[in-house]
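Novice: Predicted model, plus sequence, below.
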Amino acid sequence: MARLLATSGFLRGGSSCAPGSVLLRTHSSAGGDPEYLHRSIVPTMHFQKSLPRLPVPKLEDTVKRYLSAQRPLLDDGEFSKTEQLARHFQNGIGKQLHEELLLQDQQNKHTSYISGPWFDMYLCARDSIVLNSNPFMSFTPDPRPEYNEQLLRATNMTVSAMRFLKTMRAGYLEPEIFHLNPAKSDTQRFRRLIRLVPSSLSWYGAYMVNAYPLDMSQYFRLFNSTRIPRLNKDELVTDEKGRHLLVLRKGNFYVFDVLDKDGNIVPASEIHAHLGHILSDPSPAPEFPLGYLTSENRNTWALLREKLMDNGNQEVLQKLDSAVFCLCLDDFSITDRVHLSHNMLHGSGMNRWFDKSFSIIMTEDGTAAINFEHSWGDGVAVLRFQNEVFKDSTERPSLSPQSAPGTADSSAAVQRLTFHLDDSLKAAVSEAKKKFDALVGSLTIETMEFKRGGKEFLKTQKLSPDAVSQLSFQMAFFRQYGQTTATYESCSTAAFKHGRTETIRPASTYTKKCSEAFVKSPSKYSSAELKEMLHDCSKYHGQLTKEAAMGQGFDRHLFALRYLAAGKGLTVPDVFQDPAYARINHNVLSTSTLTSPAVQLGGFAPVVPDGFGVGYGVHDDWIGCNVSAYPSRDVKQFVQCVHQSLEDIFKVLEDKRVKK
């Protein structure tokens, strides 16, 4: 089990496989069945019952890891004080809280110790979910340009999404598995054998051949789900009876059924006709576009939603909440990657409903992306959905450019939703728009592509591509600001039942030493010495990654202990009142990696006002990143510094290679 590495969880982020691991993809087929993606011979939830439980780390290990992460951020005096507080916590109230956490964990074997607190953390947050929570992942264009026409691609993606829904609910969706020895486990023979093993033992059967099933408990929230604003704590609602798609265009809302009364997918030609009907609707944008309300402060939105309900909008809101998903059709084309990022992360706000579990956004040129609400789940489930929809819609599209037009009566099938707004609600929409415009207007995004090399070359140097990317961010920040700062990299713990994410802390004493050497005094060191520093950084980062993936980080454990203390009404323990604790959790660099053939680009906003949001991907022969910041940070300079850092690293590596 200890060999399983991370999928980086796009807490705000995505998913990447460990070196040498293979994510299970379907080898079974739907036999041409237009209703399903495929028919796995292993049931979708076959491994769920026997998944191992997320371990609660030993308190002494957590304190040790916490102090190691604090060391590069503090001077000697600060560190001495933080160490004293941490040891006092470990031997005092922390010990008591840890024992209670273990007891609670034993009494709740159906879930993980972090699941409840983590849901609460998201659902109790009162800030707007726009920029503060929802990330985006954009689809790679269809390799055949003629299939990227907006109406055609929207139809094909909608059908593929419904195939995913039906495949999952029928139990035909391949279970999500990491294969560390694909020759043994990614085979039909393995599947035929493992399906015969009782679900209470199936995980152990997979483990015997180095295959690691992942938690799939979040998947049911993909469809028919929404986040409902409530005072002080929001609510997640799923209504699987909904058969309709929610479509937004020019701030207008439309619904039509994509499943018939028997649960079959509505013919693709009819979906095409209905979407065409919406695209040709001459209705102007509403004067008060309701989508802006989903970008409001959650308590403000909760009160406004109650007012909407009282104003006779119960039925229309129920249609929004229970729709299978949301499709946003935008009336313009994408000009470049920065425009793509802004549009898919927030857009104008008019043509979005940010509370839905996910929205597929499609622009006029067929550029598509998923924007998803983050409280219900992490990148693993969303990325699986995106991968399957991309694969199915490009390899087995339901319609082609030559398909005959449908003859459906769209005027009867498509319903345009209308809202009853009084003056106070109209004023609230106008106020929400004003806040939204100010918020997103302050966000700057820059993208970077480093073309000198990528994953392939770094592996020949026996370096972790992720470690090198993270080091380039450390070096860039040091080059720009002359210091090391709190850094967050998300890592999925989906190898465990109800696992969510753990934090990798990439800023280490190794990266600090390496950054100082490369930036301040490279001439003092030989290429061999600099390369040795790179290997030290890579080795330590690999250790942190393995620990996080195995649930052995320190962040979630400390979070759970603090949550437990608050729930008991205890005084906040001193370790959590330490300015150094606040500083390490003020993540100036928030990072997440995302590499998939289905994904062109992913991104998110900074998690603190003076931070950077860094979405990045390491490809075979290039490295890319998508960086966001607010006005207090110069994002353009940071991106240039990242590029320069990678240049410096590769120069050293190539110099060493030449000498061989």
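Specialist: Looks like it came in fine. Because the structure is a prediction, the values reported are computed rather than measured.
Novice: Going by C-alpha atoms from here, please, whenever you check contacts or count neighbours.
Specialist: OK.
Novice: Moving C-terminal from the lowest-mean-pLDDT helix or strand in the chain, which element do we reach first?
Specialist: Within the chain, judged by mean pLDDT, DSSP states H and E, the helix or strand with the poorest mean is strand 22-23; its value is a mean of 40. For strand 22-23, the succeeding helix or strand toward the C-terminus, using DSSP states H and E, is helix 59-70.
Novice: how distant is stretch 582-596 from the center of its chain?
Specialist: The chain centre lies 12 Å from the centre of stretch 582-596; the measure is Cα atoms, centre = their mean, to the nearest Å.
Novice: and it, which residues are buried?
Specialist: 584, 586-596 (16 or more other Cα atoms under 10 Å).
Novice: where do the helices sit along the stretch 201-350 of the chain?
Specialist: 202-207, 268-279, 298-308, 314-322, 337-345 (DSSP state H, counting those that start in this stretch).
Novice: Give me the contact list for the longest helix along the chain.
Specialist: Longest helix in the chain, counting residues (DSSP state H): helix 635-659. By Cα atoms under 8 Å, 6 or more residues apart in numbering, the list of residues contacting helix 635-659 from outside reads 444-448, 450, 452-453, 461, 469, 472-473, 475-477, 479-480, 518, 527-528, 530-531, 612, 627-629.
Novice: Kindly recompute the last result at 7 Å.
Specialist: 446, 448, 450, 472-473, 475-477, 479-480, 527-528, 531, 627-629 (Cα atoms under 7 Å, 6 or more residues apart in numbering).
Novice: Now do the buried residues in it.
Specialist: 635-636, 638-650, 652-653, 656.
Novice: for stretch 185-194, same thing?
Specialist: 185-186, 190-191, 194.
Novice: got any ranges where the stretch 1-150 of the chain has weak pLDDT?
Specialist: Residues of the stretch 1-150 of the chain that meet the criterion pLDDT under 70 lie in 1-31.
Novice: Now the element after the helix or strand where residue 471 lies, going C-ward?
Specialist: Using DSSP H and E, residue 471 maps to helix 465-481. Downstream of helix 465-481, the next assigned helix or strand under DSSP H and E is strand 487-492.
Novice: now for that next one, which elements pack on it?
Specialist: strand 501-504, helix 527-549, strand 589-593 (3 or more Cα pairs under 7 Å, 6 or more residues apart in numbering; DSSP states H and E).
Novice: strands paired with the first one, and their directions?
Specialist: According to DSSP bridges, strand 501-504 has the following sheet partners: strand 487-492 (antiparallel).
Novice: Output the partner strand as CSV - backbone C-alpha positions only.
Specialist: Provided in CSV are the C-alpha atoms of strand 487-492 (Å, rounded to 0.1, in the frame of the first residue of the first chain):
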residue,chain,number,x,y,z
THR,A,487,2.7,26.7,-0.1
TYR,A,488,-0.2,24.3,-0.6
GLU,A,489,-0.3,21.4,-3.0
SER,A,490,-3.4,19.3,-2.9
CYS,A,491,-3.2,15.5,-2.9
SER,A,492,-6.1,13.1,-3.1
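Novice: relative to helix 59-70, how tilted is that strand?
Specialist: 140 degrees (axes from the mean of the first three to the mean of the last three Cα atoms, to 10 degrees).
Novice: what angle do strand 487-492 and strand 589-593 make?
Specialist: Using the same axes, to 10 degrees: strand 487-492 against strand 589-593 is 30 degrees.
Novice: what mean pLDDT does strand 487-492 have?
Specialist: Regarding strand 487-492, the rounded mean pLDDT is 96.
Novice: now that strand and helix 527-549, what's the angle there?
Specialist: 50 degrees.
Novice: ok now strand 487-492, how far from the chain's centre?
Specialist: With Cα atoms, centre = their mean, you get 11 Å for strand 487-492.
Novice: Residue 78 is in what secondary structure piece?
Specialist: Counting by DSSP H and E, residue 78 is part of helix 76-91.
Novice: And the contacts of that helix?
Specialist: Contacts for helix 76-91 (Cα under 7 Å, 6+ apart): 59-60, 63, 67, 71, 574-575, 578, 580.
Novice: buried residues in it?
Specialist: Result for helix 76-91 [16+ other Cα under 10 Å]: buried residues 79, 82-83, 85-90.
Novice: With stretch 594-606 instead?
Specialist: 594-596, 598-606.
Novice: For residue 426, which non-adjacent residue is spatially closest?
Specialist: residue 288 (6.1 Å; Cα to Cα, 6 or more residues apart in numbering).
Novice: I'd like to check which residues are in contact with the one you found.
Specialist: Per Cα under 7 Å, 6+ apart, neighbours of residue 288: 426, 429-430.
Novice: Please tabulate the residues you listed in TSV and include secondary structure and distance to residue 50 as additional columns.
Specialist: Output for these, formatted as TSV (DSSP: H, G, I helix; E, B strand; the rest coil; distance: Cα to Cα, whole Å):
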residue	secondary structure	distance to residue 50
426	helix	52
429	helix	48
430	helix	51
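Novice: For residue 354, state which of the buried residues of stretch 594-606 is nearest.
Specialist: Relative to residue 354, the closest of these is residue 604; by Cα to Cα it sits at 14.0 Å.
Novice: how close does the closest one sit to residue 466?
Specialist: Per Cα to Cα, to the nearest Å, residue 604 is found 19 Å from residue 466.
Novice: and if you look at residue 488?
Specialist: Taken as Cα to Cα, the span from residue 488 to residue 466 is 13 Å.
Novice: I'd like the buried residues of stretch 185-194 as TSV, with distance to residue 381, secondary structure and pLDDT appended.
Specialist: Formatted as TSV, the buried residues of stretch 185-194 follow (distance: Cα to Cα, whole Å; DSSP: H, G, I helix; E, B strand; the rest coil; pLDDT from 0 to 100):
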residue	distance to residue 381	secondary structure	pLDDT
185	22	helix	92
186	20	coil	93
190	24	helix	95
191	22	helix	96
194	23	helix	95
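Novice: Pick out the most distant pair among these.
Specialist: Applying Cα to Cα across these, the maximum distance is between 186 and 194, 11.4 Å.
Novice: circling back to that earlier point, I'd like to check what contacts the helix holding residue 471. Which residues are they?
Specialist: By Cα under 7 Å, 6+ apart, the residues outside helix 465-481 that reach it are 455, 458, 484, 506-507, 511, 515, 519, 537-538, 541, 618, 638, 641-642, 645-646.
Novice: so what's residue 274 up against?
Specialist: Taking Cα under 7 Å, 6+ apart, one finds 410, 414 in contact with residue 274.
Novice: Give me the nearest residue to residue 234, chain neighbours excluded.
Specialist: residue 123 (4.9 Å).
Novice: Return the residues in contact with that neighbour.
Specialist: 233-235, 375.
Novice: Quick one, which of those residues has the minimum pLDDT?
Specialist: Within the contacts of residue 123, pLDDT is lowest for residue 375, at 94.
Novice: Quick check: that one touching residue 119?
Specialist: Yes: at 6.3 Å, residue 375 counts as touching residue 119 under the criterion of Cα atoms under 7 Å.
Novice: quick one, which of those two is more surrounded?
Specialist: Legend: neighbour count by other Cα atoms under 10 Å for residue 375 and residue 119, higher for residue 375 (23 against 18).
Novice: Pull the distance from stretch 395-409 to the chain's centre.
Specialist: 32 Å.
Novice: What lies in contact with that stretch?
Specialist: With Cα under 7 Å, 6+ apart, stretch 395-409 has contacts from 146-147, 156, 159, 268-270, 273.
Novice: so what's residue 516 up against?
Specialist: Contacts of residue 516 (Cα under 7 Å, 6+ apart): none.
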